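Asks: Could you work out the structure for the sequence below:
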Amino acid sequence: MGAGATNAQPLLSVGDLAAAYRRRCRPLSPVEVTEVFLERIERFDERIRSMVTVTPDLARRHARTAAGRIAGGDPSPLLGIPLVVKDLIDVRGVRTTAGSAVLRDNVATSSAPAWQRLARAGAVLLGKANTHEFAYGGITEPTVNPWHTNHLVGGSSGGPGAALAAGLALMGIGTDTAGSIRIPANLCGVAGLKPTRRTVSTRGVIPLAPSLDVVGPMGHHPRDLALAMGVLAQRWASDAPDALHRAAAKRAAAGALRIGVLADPGRMTPGVQAAFERTVATAATFGATIEVRVPHVAQSVWTNFTILGVEAVLYHERWRDQRELYTPYVRERLADAESTSAVAYVERAAGRLAVSHRPRPGPRRIRRARSCPGSRTPPRRSASPRWTWAAASRIATPRCAATPRSPTSPATRRWRCPWASKQASPLACNWSAAAAPTPNCWRWARSSPTPSPRRRWPPTSRSDSAQRGGPPRAATTGPATLRARASSGGSARRQA
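Replies: Next up, the predicted model:
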């Protein structure tokens, strides 16, 4: 460890700390652990300067709540885990400055969904970590690298990276647009992940480039990132916090993963090249590795910066009259981005679309079928011609296997006619669960002026079908005819 280092001892991973909370012999308490981290922040952060806002009262309250949930048997893996979030992510009642004097007094009135998920999982918020101003840079001043105070910490998520490296937190949440999680993680010797776009919600996060921004975790071990993503990427509130992690681990154990490896990653130093090859070899043990060729990958960096700059200029128009409050570096970058021509931006955007929206072979999309009125269960797709109820064709065949035909079926049971706005009645048509729907419905005849094989009603005889090519008696059917047939005591199908 270089000059100015904190001499932090190796910390437990998130999984180890979660196990220590629940062990039977002398378990750790989230309250005690939180106090240890708050003490470390007070002791070391004066030199590291990784924190913008420290929230000791909020952290202690979260720790007490987590201790109660652990005592009650809650298995959430993030219960009582102390973490920091980048100072772009809103937490209700806490300042969100984005590392800028423009927002020095900005107090969030609501919380970002990313933090809401972490709070529900029982995480303990120690405070907001520093960011390069509006995430538009890779230095994150005045934060320094805990390993050597004369070295860069990277950016723009340099605050969370430095806090993790100094042992001031066990997990960090950052944002990444053009390397803002991965660069600090590399320079600070911690783990970081840029998830796929839209995997984690970016609402409530001050943007740099809305179409490129993502929210992702940082930690001391890749397993910590997996546990964090299991919470951040929940699709439904009922998902288990570690469902994503367990599903991926199960596929990896079965060797069912398909891992893409960039065929031409570009120039690399010998050390990085060796690490890349070792990673590919390790990944191959969990499934098949497939070479992926991305056209114009070398130009993708400039494509990213062009789109990023234009979107940043559009977002910062609201503070044009306060440009003197920006740092010179960000002010100059915004000025340079304003000179981007419309032609250059359209060319870069078209290049991104060409790479990200390549045509992929996939299954044919099939229209979802409606539930058959003669069944309480949803329809099942099959190749059987007996099931023809579909939303597109507006047809219900009288030979549907789901329609009750047993003598014990209640004949008085009525269903809503699919072509009428009112409940079906015996005088209008004889649609029911016990009897098959009659083709002699004037509404159906009007809605099907052009006969087609899919709209054709199952005829009473093959000769009738060959001669008419459509629903029998559909053209001579009307309300008066139906009432006359109903009053005579016979159905249209019996008369046919």
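
Asks: hey, where'd the strands end up in the stretch 1-150 of the chain?
Replies: 51-54, 82-86, 124-129 (DSSP state E, counting those that start in this stretch).

Asks: Tell me which of these approaches G287 most closely.
Replies: Nearest of the strands of the stretch 1-150 of the chain to G287, taken as C-beta to C-beta: strand 82-86 at 30.8 Å. Every C-beta, even on glycine, is put in place using the N, C-alpha and C of the backbone.

Asks: hang on, the earlier thing: mean pLDDT, mean neighbour count and distance to E277 added to the strands of the stretch 1-150 of the chain, as CSV?
Replies: Putting those into CSV (pLDDT from 0 to 100; neighbours: other C-beta atoms under 10 Å; distance: least, C-beta to C-beta, whole Å) gives the following:
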stretch, mean pLDDT, mean neighbour count, distance to E277
strand 51-54, 97, 20, 38
strand 82-86, 98, 30, 32
strand 124-129, 98, 29, 34
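
Asks: Tell me which of those strands approaches W319 most closely.
Replies: Ranking those by distance to W319, with C-beta to C-beta as the measure, places strand 51-54 first at 18.9 Å.

Asks: what sits up against that closest one?
Replies: With C-beta atoms under 8 Å, 6 or more residues apart in numbering as the test, strand 51-54 has contacts from 38, 41, 45, 84, 87, 94-95, 97, 99, 126-130, 159, 163, 168.

Asks: In helices only, show me these.
Replies: In helices, judged by DSSP state H, the following of the contacts of strand 51-54 are found: L38, I41, D45, G159, A163.

Asks: of all the residues you listed, which two lie farthest apart?
Replies: Across the ones in helices among the contacts of strand 51-54 (C-beta to C-beta), the longest gap, 16.6 Å, separates L38 and G159.

Asks: And these two? Which one has more around it.
Replies: For L38 versus G159, neighbours defined as other C-beta atoms under 10 Å are more numerous around G159 (32 against 21).

Asks: check contacts around the more buried one.
Replies: Here G159 is in contact with 50-52, 84, 86-87, 128-131, 140, 143, 172 (criterion: C-beta under 8 Å, 6+ apart).

Asks: Quickly find the element holding R331.
Replies: In this assignment (DSSP states H and E), R331 forms part of helix 328-338.

Asks: quick one: buried residues of that helix?
Replies: Within helix 328-338, the residues scored as buried using 16 or more other C-beta atoms under 10 Å are V330, R331, R333, L334, A337.

Asks: that older thread, save the contacts of G159 as CSV, and put in distance to C25 too.
Replies: Compiled in CSV, the contacts of G159 are given as follows (distance: C-beta to C-beta, whole Å):
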residue, distance to C25
S50, 35
M51, 34
V52, 39
V84, 31
K86, 37
D87, 40
K128, 36
A129, 35
N130, 39
T131, 41
T140, 42
T143, 39
G172, 31
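
Asks: For A123, see how far away the closest residue to R64 other than its chain neighbours is.
Replies: In space, and not counting its chain neighbours, R64 is closest to V31: 6.1 Å by C-beta to C-beta, 6 or more residues apart in numbering. For V31, the distance to A123 (C-beta to C-beta, to the nearest Å) stands at 14 Å.

Asks: what's across from the nearest residue to T55 once chain neighbours are set aside in the sheet?
Replies: Closest residue to T55 apart from its sequence neighbours, by C-beta to C-beta, 6+ apart: G127 at 4.8 Å. Going by DSSP bridges, G127 is paired in beta bridges with V54, V84.

Asks: before we move on, back to that, got the strands of the stretch 1-150 of the chain as JSON lines, with distance to D213 columns?
Replies: Output for those, formatted as JSON lines (distance: least, C-beta to C-beta, whole Å):
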{"stretch": "strand 51-54", "distance to D213": "19"}
{"stretch": "strand 82-86", "distance to D213": "11"}
{"stretch": "strand 124-129", "distance to D213": "17"}
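
Asks: Could you say which one of these comes nearest to A350?
Replies: With C-beta to C-beta as the criterion, A350 lies closest to strand 82-86 of the strands of the stretch 1-150 of the chain, at 31.5 Å.

Asks: Can you pull the poorly scored residue ranges out of this protein?
Replies: Along the chain, the parts satisfying pLDDT under 70 run over 1-11, 234-246, 248, 351-496.

Asks: Looking only at neighbour counts, state which of V31 and A123 leads.
Replies: Shown here are V31 and A123; by other C-beta under 10 Å, A123 has more neighbours (26 against 16).

Asks: ok, the more buried one to A166 distance?
Replies: A123 sits 19 Å away from A166, going by C-beta to C-beta.

Asks: try L83
Replies: For L83, the distance to A166 - C-beta to C-beta - is 14 Å.

Asks: repeat for D16
Replies: 19 Å.

Asks: Could you check which of these two is surrounded by more residues?
Replies: A count of neighbours by other C-beta under 10 Å puts A166 above the other of D16 and A166, at 24 against 15.

Asks: Would you agree that one is in contact with W147?
Replies: No: counting by C-beta atoms under 8 Å, A166 stays clear of W147, with 9.1 Å between them.

Asks: And V52, how far from V85?
Replies: Using C-beta to C-beta, which is the criterion applied here, V52 is 10 Å from V85.

Asks: who touches both of those two?
Replies: In contact with both V52 and V85: K128, A129, using C-beta under 8 Å, 6+ apart.

Asks: Show me the helices in the stretch 101-250 of the chain, by range?
Replies: Per DSSP state H, counting those that start in this stretch, the stretch 101-250 of the chain carries helices over the ranges 113-120, 158-165, 182-188, 222-232, 243-253.

Asks: helices or strands up against the first one?
Replies: Using 3 or more C-beta pairs under 8 Å, 6 or more residues apart in numbering; DSSP states H and E as the contact definition, the elements that helix 113-120 packs against are strand 124-129, strand 171-176, helix 222-232.

Asks: Can you point out the buried residues in it?
Replies: So helix 113-120, judged by 16+ other C-beta under 10 Å, has buried residues P113, A114, W115, Q116, R117, L118, A119.

Asks: Also stretch 132-152?
Replies: 132-141, 143-147, 152.

Asks: how long is stretch 197-210 end to end?
Replies: In stretch 197-210, first residue to last residue: 10 Å (C-alpha to C-alpha, to the nearest Å).

Asks: contacts for that stretch?
Replies: Against stretch 197-210 from outside (C-beta under 8 Å, 6+ apart): 88-90, 96, 98, 103, 108, 110-115, 134-136, 156, 175, 177, 212-216, 229, 232-233, 307-308, 311-312, 315.

Asks: contacting residues for M218?
Replies: M218 is in contact with 157, 160-161, 164, 171-174, 181, 184-185, 190-193, 225, counting by C-beta under 8 Å, 6+ apart.

Asks: Who is it paired with across the strands?
Replies: Under DSSP bridges, the beta-bridge partners of M218 are G172, G192.

Asks: That one and G154: what is the separation?
Replies: Taking C-beta to C-beta as the criterion, M218 is separated from G154 by 11 Å.

Asks: what residues do the two have in common as contacts?
Replies: Taking C-beta under 8 Å, 6+ apart as the criterion, M218 and G154 both touch G161, P184, A185.

Asks: With distance to D264 and neighbour count added, can I get those residues in CSV?
Replies: Output for the shared contacts of M218 and G154, formatted as CSV (distance: C-beta to C-beta, whole Å; neighbours: other C-beta atoms under 10 Å):
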residue, distance to D264, neighbour count
G161, 29, 35
P184, 26, 34
A185, 24, 28
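
Asks: Done for today, thanks.
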